[in-house]
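Asks: here is a sequence with its predicted model. Questions after.
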Amino acid sequence: MNEAKPQVQRDYPRTITLDSNTAVSLRLMTAADADRMVTFARNLPADDLLFLRMDITNPDVVAQWVQNLAAGRTVTVIAEANGAMAGYASLHHPEVTWQRHLGEIRIQVGQHYRSQGLGRILAAEIFAIARDLGLRKLMAQMTSDQKGAIATFKRLGFQMEALLQDFVIDRSERTRDLIVMAYDVTGLTAHVD
């Protein structure tokens, strides 16, 4: 007997207002967003591109992302403002038997929408989706020199789980240390509301 998979319970599209009073629409990513995602990534500052886990400036990589959306291994919330993508948050949850309780979050906010609360709002969306899907623990990975990302995840209640020396290599072939941070989903509401 097949057990029904948990589904996202959030209502989309939905409009929110940033700290700057900018209206932003939140919705789930679909296959039709592939070109928009590539355009968004290609407009990110060069420093941001160094730290992307996947090269989402490459249409083939984004096509794989879309396949993961269709297979239910990834859920992505897109934020749009003034007709353009302002940012996104993704929850990746491979169905590996012994890690089926884990989800990895990735958040990227466009340069013009930073320091306005969008990253925090996107994180809250992903936390709620993680609960909907029955995940128990969220993970985030970043390099040790991504101080802003580390500070953001600490503010959200994530704790450092591991520091892996020279574990990743960036686009300029420089190795960097990888930090793995984690959050127990059972305590989510204290940090994101």
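Replies: That came in fine, so what should we check first?
Asks: pLDDT below threshold where in the protein?
Replies: 1-6, 186-193 (pLDDT under 70).
Asks: list the contacts for the residue positioned nearest the centre of it?
Replies: With distances taken as C-alpha atoms, centre = their mean, the residue of the chain nearest its centroid is residue 106 (2.5 Å). Residue 106 makes contact with 53, 89, 90, 92, 140, according to C-beta atoms under 8 Å, 6 or more residues apart in numbering. In this view, the C-beta of every residue, glycine as well, is placed from N, C-alpha and C.
Asks: next one: residue 101
Replies: 134, 135, 136, 137.
Asks: what do you get if the cut-off is 10 Å, keeping everything else the same?
Replies: Residues near residue 101 by C-beta atoms under 10 Å, 6 or more residues apart in numbering: 93, 134, 135, 136, 137, 185.
Asks: if you rank these by neighbours, which is first?
Replies: Counting neighbours by other C-beta atoms under 10 Å, the top entry in the contacts of residue 101 is residue 93, with 23 neighbours.
Asks: excluding chain neighbours, what is closest to it?
Replies: Sequence neighbours aside, residue 103 is the residue nearest to residue 93 in space, at 4.3 Å (criterion: C-beta to C-beta, 6 or more residues apart in numbering).
Asks: surely that neighbour and residue 128 touch.
Replies: No: using C-beta atoms under 10 Å, residue 103 is not in contact with residue 128; the gap is 12.0 Å.
Asks: quick check: the two most widely separated of the contacts of residue 106?
Replies: Pairwise distances across those (C-beta to C-beta) peak at 13.4 Å, for the pair 53 and 89.
Asks: on that earlier part again, so the residue nearest to residue 93, which of the three states?
Replies: strand (DSSP: H, G, I helix; E, B strand; the rest coil).
Asks: hmm, residue 42 is touching residue 49, no?
Replies: Yes: between residue 42 and residue 49 there is a contact under C-beta under 10 Å: 8.7 Å.
Asks: who's more crowded, these two?
Replies: residue 49 (15 against 11).
Asks: and the gap between the more buried one and residue 126?
Replies: Applying C-beta to C-beta, to the nearest Å, the value for residue 49 to residue 126 is 22 Å.
Asks: do the same with residue 154
Replies: Distance from residue 154 to residue 126, counting by C-beta to C-beta: 16 Å.
Asks: neighbour-wise, which of those two wins?
Replies: Comparing residue 154 with residue 126 by other C-beta under 10 Å, the one with more neighbours is residue 126, at 23 against 12.
Asks: so that one touches residue 90, yeah?
Replies: Yes: contact status for residue 126 versus residue 90: in contact at 7.5 Å, counting by C-beta under 10 Å.
Asks: anything in contact with each of these two?
Replies: 75, 76, 77, 103, 105, 106, 107.
Asks: need these in JSON lines (columns: distance to residue 25).
Replies: JSON lines is the format used below for the shared contacts of residue 126 and residue 90 (distance: C-beta to C-beta, whole Å):
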{"residue": "75", "distance to residue 25": "17"}
{"residue": "76", "distance to residue 25": "14"}
{"residue": "77", "distance to residue 25": "11"}
{"residue": "103", "distance to residue 25": "24"}
{"residue": "105", "distance to residue 25": "20"}
{"residue": "106", "distance to residue 25": "20"}
{"residue": "107", "distance to residue 25": "17"}
